[in-house]
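Student: sequence unknown, structure follows:
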């Protein structure tokens, strides 16, 4: 069944009240309307883990070619070519292979010392204060510094770059995103940096992208055009800044809510990875991702027509009681923390390894200085965006 828009199972990604705590709505969808149609915004949604997992894998039915953001799909814009987020195989495989060089396990692991030193510098400035905003003064700085380090953005320009890329995802509370070409990418933002780097090569991502050779869809061996490099940098900056900062905020929040588990990870840092995975399951930074339906497909007795926008409700799938024991409980000791937050299959998040490294180091260094803390509910504020769910402000106090 598709759900009743007024009295039954219902989900609206722009509804501020639902977004404050979407899990009751997700539970009702899983139970009453596992295939749901929102008539107002004309999208469909899958909420059960088995359905979401299968849809992630089936790219021939659920395509990325129109973007993975509902507002962009519905805007029906012409998307820029050569961007891995907006492609399916075989083009996707070609560009993903190129970008995977950036996120190879060896390259990511080699960043740990620099990330740790950066986290230490930021946190040392907070030591001695009884109160500070975890998000504004720490969580958003970590991914900003890391992405800027990869791209070669000077420190003096990093905050401006972060704010510009993040603003593309902002919405007015209760309203869809006003989609323009700026929402899809801001390549002009990096034009001067790339022009300078082309003349002054270094060991950074921009230099690698400018010089990397690959075989394109025509069989031609070439390097990326300047326009392609600009778009790659824009997409990387936007994807990397927002989500990882929200993950760090959620870890600090849920550990404060579970002080016994916080004591466990303070005492045993081998639990850091489990803490990250359970946070990604329990409070995914992206509660849903979207796909474009390429042909009619049937779910639970309902036909979803070709040309539809399909929402894959990651936040619902990650708490499906058919997949997880005690699905609504946060437990870093669980042995079934596998989740869909980074996607599955062909479009699995390329930056997942980097995000996990940043989160692990950021939490490790935070715990070294602040083993106990609390937060101020009155000062907490969720970010105004329908694509990423997390804290814009998280005031915390330390003993």
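Tutor: Sure thing, it's come through. What you see is a predicted model; the values in this text were computed from it and never measured.
Student: in a helix, residue 265, correct?
Tutor: Yes - applying DSSP: H, G, I helix; E, B strand; the rest coil, one finds residue 265 inside a helix.
Student: per-residue pLDDT, the nearest residue to it once chain neighbours are set aside?
Tutor: Distances taken as CB to CB, 6 or more residues apart in numbering put residue 271 closest to residue 265, at 4.4 Å, once the chain neighbours are dropped. Quick note: C-beta positions are derived from backbone N, CA and C, even for glycine. Residue 271 carries a pLDDT score of 98 in this model.
Student: please renumber so the chain begins at 48
Tutor: Yes, from this point I'll number from 48; that puts the last item at residue 318.
Student: where does the stretch 248-397 of the chain dip in pLDDT?
Tutor: Along the stretch 248-397 of the chain, segments meeting pLDDT under 70 span 285-286.
Student: what are the ranges of the strands in it?
Tutor: Assigned by DSSP state E, counting those that start in this stretch, the stretch 248-397 of the chain shows strands spanning 260-262, 268-270, 336-340, 344-346, 349-351, 356-359.
Student: so which of those comes closest to residue 289?
Tutor: Using CB to CB as the measure, strand 336-340 is the one of these that comes nearest residue 289, at 13.6 Å.
Student: gap between the helix or strand harbouring residue 168 and the chain center?
Tutor: In this assignment (DSSP states H and E), residue 168 forms part of helix 159-171. In terms of CA atoms, centre = their mean, to the nearest Å, the centre of helix 159-171 is set 22 Å apart from its chain centre.
Student: which strands and helices sit next to that helix?
Tutor: Contact here means 3 or more CB pairs under 8 Å, 6 or more residues apart in numbering; DSSP states H and E; on that basis helix 159-171 packs against helix 188-198, helix 399-416.
Student: rank those helices by pLDDT, which is bottom?
Tutor: Looking at the helices and strands packed on helix 159-171, the bottom one is helix 188-198 with a mean of 82.
Student: now that one against helix 399-416, angle please.
Tutor: Angle, helix 188-198 to helix 399-416, by axes from the mean of the first three to the mean of the last three CA atoms, to 10 degrees: 130 degrees.
Student: which residues touch helix 188-198?
Tutor: The contact list for helix 188-198, computed with CB atoms under 8 Å, 6 or more residues apart in numbering, reads 149, 158, 161-162, 165-166, 169, 200-202, 204-206, 208-209, 237, 240, 251-253, 280, 283-284, 287-292, 295, 401, 405, 409.
Student: what about the strands in the stretch 48-197 of the chain?
Tutor: For the stretch 48-197 of the chain, strands defined by DSSP E, counting those that start in this stretch occupy the ranges 82-85, 90-93, 109-110, 178-180.
Student: which strands border the last one, and is each parallel or antiparallel?
Tutor: The reference is to strand 178-180. Taking DSSP bridges as the criterion, strand 178-180 sits next to strand 442-444 (antiparallel) in its sheet.
Student: thinking again about what came up before, could you say which of the strands of the stretch 48-197 of the chain is packed most deeply?
Tutor: Greatest average neighbour count among the strands of the stretch 48-197 of the chain goes to strand 90-93 (a mean of 25), per mean count of other CB atoms under 10 Å.
Student: direction included, what does that one pair up with?
Tutor: With DSSP bridges as the test, strand 90-93 is paired with strand 82-85 (antiparallel), strand 356-359 (parallel).
Student: picking that back up, quick one: which of the contacts of helix 188-198 sit in helices?
Tutor: Cross-referencing the contacts of helix 188-198 against helices under DSSP state H gives 161-162, 165-166, 169, 202, 204-206, 208-209, 240, 252-253, 280, 283-284, 287-292, 295, 401, 405, 409.
Student: so what's the residue nearest to residue 360 when sequence neighbours are not counted up against?
Tutor: What sits nearest to residue 360 in space, not counting adjacent residues and going by CB to CB, 6+ apart, is residue 94, at 4.5 Å. Residues counted as contacts of residue 94 (CB under 8 Å, 6+ apart) are 73, 76, 77, 80, 81, 83, 360, 363, 364, 367.
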